[in-house]
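Enquirer: need coordinates for the following:
(2 chains)
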Protein chains: 2
Amino acid sequence: MTTPAPNHPSAVILTIGDELLLGDRTDTNAAWLAAFLTNHGFVVERILSVGDAPTGIREGLRSALRWSGRAGVVVATGGLGPTEDDRTREVVAELFGTPLATDSDVLDELHRRFRSRGMDRLPATNHRIALVPEGAEVLWNDVGSAPGLALEGAEGRLVLLPGVPSEMKHLASERLGPVFDRWFGPRPSRSARRIVQTTGIPESALAEHLESRMPSGSGVNLAYHPSVRGVKLVFSSTGPGAEDRLTDVLRKVDSVLEAWRYESPSGDLAESVLEALRARGWRIALAESCTGGMLAARLTDIPGSSDVVLGGVVAYSDRAKVTLLDVDAEAVERGGAVSAAVAGAMAAGVARRFEAEVGVGITGIAGPGGGSPDKPVGTVWFGFRTPEREWTEPVRLPGGRSEVKVRAVQHALHRLLTDANSIHGRG
Amino acid sequence: MTTPAPNHPSAVILTIGDELLLGDRTDTNAAWLAAFLTNHGFVVERILSVGDAPTGIREGLRSALRWSGRAGVVVATGGLGPTEDDRTREVVAELFGTPLATDSDVLDELHRRFRSRGMDRLPATNHRIALVPEGAEVLWNDVGSAPGLALEGAEGRLVLLPGVPSEMKHLASERLGPVFDRWFGPRPSRSARRIVQTTGIPESALAEHLESRMPSGSGVNLAYHPSVRGVKLVFSSTGPGAEDRLTDVLRKVDSVLEAWRYESPSGDLAESVLEALRARGWRIALAESCTGGMLAARLTDIPGSSDVVLGGVVAYSDRAKVTLLDVDAEAVERGGAVSAAVAGAMAAGVARRFEAEVGVGITGIAGPGGGSPDKPVGTVWFGFRTPEREWTEPVRLPGGRSEVKVRAVQHALHRLLTDANSIHGRG
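Expert: Sure, this is the predicted structure:
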């Protein structure tokens, strides 16, 4: 799969930073860029990480440029910051035999941004950020200081991006398309891939369902990527007829996946839930105990969520459940805060307080403390209330505190999606 | 920092797998091994990832062995499994010019394990696992099928470990010590390190403050690791007297860092805030608009937070601010929801509703929509109320929606920490 096919230019990823070689940071940039480049029609040949020292950067760049070849590209991240140990610019200028000069547009923009943040002057160290190798294209950075750079020379083609993940992703997503189109022209899709997001079913159970329905020799490969939010399935096929083979296999497994699959451009279940609620004209309010605001945060992370999410109450204490959510104090006394009665009352109370069509109540024991033989850590009660029905349900979730919280949020989202879609919707 | 010092042998990490180059998996093995090797006295020179194809593995191994040098070691993971695309053994045997033969001890052990799991016979594909290059040492794998291998030859020294993280960690932790001791003898601790977490100040401003106080030639290296939550500083020094040099430099910069530093075992500012509030005997309630519950979620992510965090209200809509937090509807009308008056009223209202000593109000424009020339995206008003004082403050935060939210939460936590510590505490 990594042998370059015609029209699929080679790419090499170079990540720069002592913290990578010391194991202080997991290289999430490399994985993100690898997926990004694969999606943009490149064959990623190698990923190489080197330290901040100029010799390491120089040798790393030389190796990477050799591997990518004259017809490929090296995408490097890191070492573009303002401090003394950010040496990528200098090494690149030397390697490409081109002088480094202050770009006045970049410098003006830096001055402007510092002023707009109420600082009277640009720290002198920031001047380094405006140094640009002659002939390099500046890739404007809207979410941080250091711009990216794109260079072409006898040595090959090179893109430099900052190492801060949010800035790297911004520059790659927003700025690299036109650069790649200019350098490489149209690039046919490498292999056909379909990603199916699932939640609420473990990997082994999914595998059992799927493998009986995927005949060997179908020419379709299936990879499982389990995480605490669910299992991502990657179906892939290469060569002529790949799309047809995928369509055929996905048709065969579709009914099996129906109960657990969801779709969203970002891969985030919260996005699908907002869309489904919006389609019903329903607005939502959230009453959270053990998840501590994580469900509200997940939903409001999605841009444009404010037309659907009215808000929520994080009712950690029993008293808050009673005074802010109108939960019956006797119900708490009788069945405990982690119970069907309390979860249901939380959902109803928050919906009423916020005048929302949909209310969710979550109360459980995330651990590490608070468990009992009767209600061990991981016990979570959910209450749901929609204009059409209301119900409560208990779940016992595996894992430590953070896994229980993430899984509880994921469970609530999955139930909301299924319910909102149950009459009209995707079907 | 990555220049090998005497007695610190070089190491190169080679991770093998198509999924790495496709971006389907983040390379957590590399980071774990980098920290492991650093702790065992090695200088990690490079991390390289290649695909499963034999040519990629061959060229990757050649590069890695060249970089590690005859006196160093290459630690490779992946491609040792039972399936057809696991080709590492074959390539290594060829590269080291040594025949591959079935190791009867390994084969017997595999048979024994399969029988003990109630399977009557070993699947034929598993026979590949028992193939061992002549002269290689077998590293027994107690948690999976494929053993690790350690080889020494004219080409250099090479350790092969399975790619499954739990198996890789097991073999490295339990089996590699004696191999390294035999190959390299005693290896002095590489370097002394101190980590200082900061927040609320950009990297460039920190650098300006610090670099004037760190005389060049101090023998202490300083690395900046910026993220959206703040800048992590890693001070390090190698060789004799390293600890003393670090103590000396940290004493010089301590007063400069005071306003921005925080300490927590997990590196999470939320943990420091909980400790500081607990020390004052203060409990907290949170009123969040633009951060949508993220501050509550950050605080309640910390085990044992329930004695300090009473809860919160996510008041996304103006109506919720009025009805649930007793914000004056006229104040919203007059100055808008993103204003000092509303932020202050939110803090006071949530503290009163939850009967908490400390209240926080956050209202702002996270974007992408909702900005105006007057109040652009990133404008956030904070209200704070403690038993000792109450105040409001505006901040203009850079970045996109998710960065603005994370930065707003971090700002609130930083202010809470500084305030709770301002009289007694760490000082």
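Enquirer: is it true that A:Glu288 touches A:Leu295?
Expert: Yes. Under the criterion of C-beta atoms under 8 Å, A:Glu288 makes contact with A:Leu295 at 5.6 Å. Just so you know, the C-beta spots here come from the backbone N, C-alpha and C atoms, and that holds for glycine as well.
Enquirer: how about the contacts made by A:Val308?
Expert: With contacts defined as C-beta atoms under 8 Å, 6 or more residues apart in numbering or on different chains, A:Val308 is in contact with A:274, A:277-278, A:282-284, A:299.
Enquirer: do that again at 10 Å, thanks
Expert: Residues in contact with A:Val308 (C-beta atoms under 10 Å, 6 or more residues apart in numbering or on different chains) are A:273-278, A:280-284, A:299-300, A:302, A:356-358, B:316.
Enquirer: ok, now how distant is it from B:Ala205?
Expert: 39 Å (C-beta to C-beta, to the nearest Å).
Enquirer: do a quick rundown of the helices in the stretch 151-300 of chain A.
Expert: Using DSSP state H, counting those that start in this stretch, the helices of the stretch 151-300 of chain A run over A:165-184, A:203-211, A:242-257, A:269-280, A:294-300.
Enquirer: looking at A:Glu288 and A:Leu295, which is more packed in?
Expert: A:Glu288 (34 against 30; other C-beta atoms under 10 Å in any protein chain shown).
Enquirer: and for A:Glu288 and A:Leu295, which residues touch both?
Expert: Common neighbours of A:Glu288 and A:Leu295 (C-beta under 10 Å, 6+ apart) are A:312, A:314, A:360, A:362, A:405, A:408-409, A:412, B:293, B:297, B:314.
Enquirer: flag every residue of the stretch 151-300 of chain A that's near chain B.
Expert: Residues of the stretch 151-300 of chain A lying close to chain B by C-beta under 10 Å from any C-beta of the partner chain are A:162-167, A:169-170, A:190-191, A:193, A:195, A:221, A:223, A:225, A:232, A:234, A:236, A:283, A:285-286, A:288-300.
Enquirer: of the helices of the stretch 151-300 of chain A, which shows the lowest average pLDDT?
Expert: Ranked by mean pLDDT, those end with helix A:203-211 at the bottom, a mean of 79.
Enquirer: keeping just the C-alphas, turn that one into CSV.
Expert: What follows is helix A:203-211, C-alpha atoms only, in CSV (Å, rounded to 0.1, in the frame of the first residue of the first chain):
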residue,chain,number,x,y,z
GLU,A,203,-14.8,-4.3,18.9
SER,A,204,-15.0,-8.1,19.4
ALA,A,205,-18.8,-8.1,19.1
LEU,A,206,-18.6,-6.0,16.0
ALA,A,207,-16.0,-8.3,14.5
GLU,A,208,-18.2,-11.3,15.1
HIS,A,209,-21.1,-9.7,13.3
LEU,A,210,-19.1,-8.4,10.4
GLU,A,211,-16.7,-11.2,9.6
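Enquirer: buried residues in it, which are they?
Expert: Going by neighbour count (16 or more other C-beta atoms under 10 Å in any protein chain shown), the buried part of helix A:203-211 is A:206, A:210.
Enquirer: same check, this time on stretch A:44-64
Expert: Quick answer for stretch A:44-64 (16+ other C-beta under 10 Å): A:44-53, A:56-61, A:63-64.
Enquirer: out of the residues you listed, which are close to chain B?
Expert: Within these, those near chain B by C-beta under 10 Å from any C-beta are A:44-53, A:56, A:59-60, A:63.
Enquirer: stretch A:407-427 near chain B at all?
Expert: Yes. If you take C-beta under 10 Å from any C-beta as the test, stretch A:407-427 does meet chain B, through A:Val409.
Enquirer: pLDDT of that stretch, averaged?
Expert: 81.
Enquirer: in that stretch, what counts as buried?
Expert: A:407-421.
Enquirer: between these, which is nearest A:Ile201?
Expert: Using C-beta to C-beta, A:His414 comes nearest to A:Ile201 of the buried residues of stretch A:407-427, at 10.0 Å.
Enquirer: any idea how far the closest one is from B:Pro54?
Expert: From A:His414 to B:Pro54 the distance is 43 Å (C-beta to C-beta).
Enquirer: how about A:Gly399?
Expert: 39 Å.
Enquirer: excluding chain neighbours, what is closest to A:Val234?
Expert: Nearest-residue entry for A:Val234: A:Ala223, 4.5 Å, with adjacent residues in sequence omitted and distances by C-beta to C-beta, 6 or more residues apart in numbering or on different chains.
Enquirer: where exactly do the strands run in the stretch 51-200 of chain A?
Expert: A:73-77, A:100-102, A:131-133, A:137-139, A:148-153, A:156-161, A:192-198 (DSSP state E, counting those that start in this stretch).
Enquirer: go on, the stretch 251-400 of chain A?
Expert: A:261-262, A:284-288, A:309-315, A:358-364, A:379-385, A:390-396.
Enquirer: ok, now which ones touch A:Val179?
Expert: A:73, A:137, A:139, A:148, A:150, A:152, A:157, A:159.
Enquirer: tell me which of these is nearest to chain B?
Expert: The closest of those to chain B turns out to be A:Val73 (C-beta to the nearest C-beta; 14.5 Å).
Enquirer: mind checking how far that closest one is from A:Val159?
Expert: Going from A:Val73 to A:Val159 by C-beta to C-beta gives 6 Å.
Enquirer: find residues that contact each of those two.
Expert: A:11, A:150, A:176, A:179-180, A:183.
Enquirer: where does the prediction get shaky in the stretch 51-200 of chain A?
Expert: A:189-190 (pLDDT under 70).
Enquirer: these two touch, right, A:Pro165 and A:Asn29?
Expert: Yes. Contact between A:Pro165 and A:Asn29 holds when scored by C-beta atoms under 10 Å: they sit 5.9 Å apart.
Enquirer: domain parsing for chain A?
Expert: A:10-184, A:192-262, A:269-420 (automatic domain parsing).
Enquirer: which one, of those, ends up nearest to B:Ala34?
Expert: That would be domain A:10-184 among these, by C-beta to C-beta, at 3.4 Å.
Enquirer: quick check: end-to-end length of the closest one?
Expert: For domain A:10-184, the first and last residues are 10 Å from each other (C-alpha to C-alpha, to the nearest Å).
Enquirer: next one: that domain to chain centre, how far?
Expert: Computed by C-alpha atoms, centre = their mean, to the nearest Å, the separation of domain A:10-184 from the middle of its chain amounts to 22 Å.
Enquirer: and for stretch A:304-324?
Expert: On C-alpha atoms, centre = their mean, the centre of stretch A:304-324 falls 26 Å from that of its chain.
Enquirer: how about the residues of the stretch 301-427 of chain A near chain B?
Expert: Close to chain B, as judged by C-beta under 10 Å from any C-beta, the stretch 301-427 of chain A has residues A:301-317, A:319-321, A:323-325, A:350, A:353-356, A:366-370, A:400-402, A:405, A:409.
Enquirer: of these, grab the buried ones for ChimeraX.
Expert: To isolate the buried ones among those in ChimeraX, judged by 16+ other C-beta under 10 Å, type:
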select /A:301,302,305,306,308,309,310,311,312,313,314,315,316,317,320,321,324,325,350,353,354,356,366,367,370,401,405,409
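Enquirer: still on that earlier bit, quick one: buried ones out of the contacts of A:Val308?
Expert: A:273-277, A:280, A:282-284, A:299-300, A:302, A:356-358, B:316.
Enquirer: of the residues you listed, closest to B:Thr83?
Expert: Looking across the buried ones among the contacts of A:Val308 and measuring by C-beta to C-beta, the closest to B:Thr83 is A:Val273, at 37.9 Å.
Enquirer: how close does the residue of chain A most remote from its centre sit to chain B?
Expert: Here the centre of chain A is the reference, and by C-alpha atoms, centre = their mean the most remote residue is A:Glu330, at 42.6 Å. Per C-beta to the nearest C-beta, to the nearest Å, A:Glu330 is found 20 Å from chain B.
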